[in-house]
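**Q** from the sequence below, what's the structure:
(3 chains)
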Amino acid sequence: MNERLRLLEALLFAAPEPLAEAELALRLGEDADLAALLRELAEAYAERGVNLVALAGGWTFRTAPDLAMALKSERDVTRRLSRAAVETLAIIAYHQPVTRAEIETIRGVGLARGTLDRLLESGWVQPKGRRESPGRPLNWVTTPQFLVHFGLESLKELPGVEELRQSGLLDIGPAVLGEALSARDEDAEPAEDEE
Amino acid sequence: MNERLRLLEALLFAAPEPLAEAELALRLGEDADLAALLRELAEAYAERGVNLVALAGGWTFRTAPDLAMALKSERDVTRRLSRAAVETLAIIAYHQPVTRAEIETIRGVGLARGTLDRLLESGWVQPKGRRESPGRPLNWVTTPQFLVHFGLESLKELPGVEELRQSGLLDIGPAVLGEALSARDEDAEPAEDEE
Amino acid sequence: MSEQRDGPDLVLDLDGYEGPIDLLLTLAREQKVDLARISILQLADQYLAFIAEQRRLQLEIAADYLVMAAWLAYLKSRLLLPDPPEDEAPSAVELAEALAHRLRLLEAMQRAGASLMARPLLGRDVFGRGAPEGLATVDQAFFELSLYELLKAYGDGHSRRHGQVLTILPSAYRSLADAMEHLRRFVGRVPDWRELMAFLPDDLRGGPLRKSTLAATFAATLELAKAGQLELRQDRAFGPLYLRSGGGAQPE
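**A** A predicted model of the protein is given here:
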């Protein structure tokens, strides 16, 4: 291998930033045919896992773009949704298609910015079409993954309000002083605190 | 070019640190013949301006050593170590685990305060455990960064280490010289100074 | 050889030497013989001569070097004289060999240090990738939520929104002041022991406010007993409390 080409390769490899051709010419000596060397090096790396690319007015090595995915390793991280997110998900499930404003009306409290993003990330909800009303807001619906995750054949399998009541999940119960107070506190909570 | 080889090449280029074989195996998939791939890649780069090298139990690319002179300009040259620091580093590398008192015995002179600090700051040595002897002095050993910096695959690759072992020069030797040759009674020094 | 001083606590008065063993090693190298066959006797002479010269020049000599000089003078005398019989101390030859070992050891480490520094060093001779792109580890979020939690969240929200508005009736008989007021009406009119419970308002003898009413009433009886307006009696622990008008004291 040509010594100049080796030096060019090493220079480009070790440089913390793309190297401008002027800088390279200086390092390689005035009599070097820099353009030819760069072409030769770029060709040598064209099919490899690392490519020589022109970037920001200089030259640098970069890993081949088609390997970007393979260079990332994924790690499963278990996350939990906030209470606001779970309730929002439930409202989307029961009231879909539903707009953000409707969710807020139903919950009686503003939706913090991250809540829907988080649900989107979970893959359980998705926007679907727009409401033909002023502002044309997005409609939110649940996804097929939602059904898969919760082991539901269809949305019809979600228990209705009456069934929830019967199974004790909708227990209004005797209103006692303490509970009444805590329920009122929650509604007064500022939306930012939900996440 | 083999896709696995491309991925291996890209992984090693992208990683800021040498990659352990276990990590490479994980990223390439269990069925890849990693040893063969590494050999092939090392051969492909053997004559180039960048080489594949085994370091500290991992693999990484380095510029070819013979290009040192051409690459050196405008680089931060490694801070020059004092003679005492170089000797102390060698003693720790070859005699590890070794106590401060043993280093002083071998050098025949007390260790100035800055010497170990400097090596510790470089990240090349570290204390590791204590000797079960009076005063429980700290043991000093070299770090993986030491191997990386000095281009060693493992401590077995220390220059001439096997010959030194065979000629008994990794033993400090009989204590018959007594106090006279251990420059100072460093065991009396408080342990705080060592850390 | 110009050597930087390592620190204030090392008095290195012999410029260029890292201690007495290093000085000995330098002198030994001048003999140009293999360290394995070095003449310790000759070396001791050279060392002592060197130190004597330094003294003649009135240079300050660090204690370490003087200790070594004294030891070498001792070793020299031992080497020149036959070992005393039945002496358990190491023989002169053993001492000389131990010193030679030290010299070889230090020399080996000096060489090792030099060969380490002569290696292609990272950042000096060889370089890693200047701009490593890094290997990203992407967290793949996996959300945990059971159907129960989902339904419960909906149920809770529903309950909160559709729960009746709870109206709490003003209680006529809750605070201590209220209880005092209530009890005072009976003071002076209860000549015989009567159970405390009998003084609770009828509508509060059961129901959720019973306990707080009872507690307030009890506290009120204690206050009135202290003022001598009531007498209290309890026959056993946790038994019913009885009260009657205070002895002598008449109502206002």
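**Q** spell out the residue ranges of the strands in chain C.
**A** For chain C, applying DSSP state E gives strands covering C:137-144, C:194-195, C:230-234, C:241-245.
**Q** among the ones you listed, which comes closest to chain A?
**A** Among those, the nearest to chain A by Cβ to the nearest Cβ is strand C:137-144 (4.3 Å). From N, CA and C alone the C-beta is placed, and that goes for glycine too.
**Q** run through who's touching the closest one.
**A** Residues outside strand C:137-144 that contact it (Cβ atoms under 8 Å, 6 or more residues apart in numbering or on different chains): A:72-81, A:121-122, A:124.
**Q** ok, so of these, who is nearest chain B?
**A** residue A:73 (6.1 Å).
**Q** so the closest one makes contact with residue C:134?
**A** No - contact criterion Cβ atoms under 8 Å: residue A:73 and residue C:134 do not qualify, at 11.6 Å.
**Q** who's more crowded, those two?
**A** It is residue A:73, of residue A:73 and residue C:134, that has more neighbours when counted by other Cβ atoms under 10 Å in any protein chain shown, with 14 against 11.
**Q** find the nearest non-adjacent residue to the more buried one, please.
**A** Counting by Cβ to Cβ, 6 or more residues apart in numbering or on different chains, residue C:137 is the residue found nearest to residue A:73 once chain neighbours are left out, at 5.2 Å.
**Q** that neighbour: neighbour count?
**A** Residues lying near residue C:137 (other Cβ under 10 Å) number 10.
**Q** repeat that for residue C:223.
**A** 15.
**Q** look up how far residue C:242 lies from it.
**A** Counting by Cβ to Cβ, to the nearest Å, the separation of residue C:223 from residue C:242 is 17 Å.
**Q** same check on residue C:200?
**A** Distance from residue C:200 to residue C:242, by Cβ to Cβ: 14 Å.
**Q** show me the longest helix that occurs in chain C.
**A** Using DSSP state H, we find that the single longest helix of chain C is helix C:92-118.
**Q** burial of the closest residue to residue C:183 other than its chain neighbours, as a residue count?
**A** Of all residues not flanking residue C:183 in the chain, residue C:220 sits nearest, at 5.0 Å (Cβ to Cβ, 6+ apart). Residues within reach of residue C:220, counting by other Cβ under 10 Å, total 23.
**Q** now tell me which helix or strand of chain C has the poorest mean pLDDT.
**A** Least confident element among the helices and strands of chain C, by mean pLDDT, DSSP states H and E: strand C:137-144 (a mean of 73).
**Q** sheet-wise, list the partners of that one with their directions.
**A** Sheet pairing of strand C:137-144 (DSSP bridges) gives strand A:73-80 (parallel).
**Q** sketch out the low-pLDDT regions of chain A for me.
**A** Scanning chain A for pLDDT under 70 picks out the ranges A:1, A:168-195.
**Q** coming back round to it: highest mean neighbour count out of the strands of chain C?
**A** The highest average neighbour count among the strands of chain C, using mean count of other Cβ atoms under 10 Å in any protein chain shown, belongs to strand C:241-245 at a mean of 19.
**Q** in stretch C:189-203, what counts as buried?
**A** C:190, C:196, C:199-200 (16 or more other Cβ atoms under 10 Å in any protein chain shown).
**Q** then stretch C:115-133?
**A** C:116-117, C:119-122, C:124-133.
**Q** could you dump it to PDB, C-alpha only?
**A** Provided in PDB are the C-alpha atoms of stretch C:115-133 (Å, rounded to 0.1, in the frame of the first residue of the first chain):
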ATOM      1  CA  SER C 115      11.000  -0.400  27.400                       C
ATOM      2  CA  LEU C 116       7.500   0.600  28.500                       C
ATOM      3  CA  MET C 117       8.100   4.200  27.500                       C
ATOM      4  CA  ALA C 118       9.600   3.100  24.200                       C
ATOM      5  CA  ARG C 119       6.400   1.300  23.300                       C
ATOM      6  CA  PRO C 120       4.100   3.000  20.800                       C
ATOM      7  CA  LEU C 121       2.100   5.000  23.300                       C
ATOM      8  CA  LEU C 122      -1.400   6.000  22.800                       C
ATOM      9  CA  GLY C 123      -1.700   9.700  22.100                       C
ATOM     10  CA  ARG C 124       2.100  10.000  21.400                       C
ATOM     11  CA  ASP C 125       2.800   7.400  18.800                       C
ATOM     12  CA  VAL C 126      -0.400   5.800  18.000                       C
ATOM     13  CA  PHE C 127      -3.900   7.200  17.900                       C
ATOM     14  CA  GLY C 128      -7.400   5.900  18.300                       C
ATOM     15  CA  ARG C 129     -10.300   7.000  16.300                       C
ATOM     16  CA  GLY C 130     -10.500  10.800  16.700                       C
ATOM     17  CA  ALA C 131     -14.200  11.000  16.400                       C
ATOM     18  CA  PRO C 132     -15.700   7.700  17.500                       C
ATOM     19  CA  GLU C 133     -19.400   7.800  16.700                       C
END
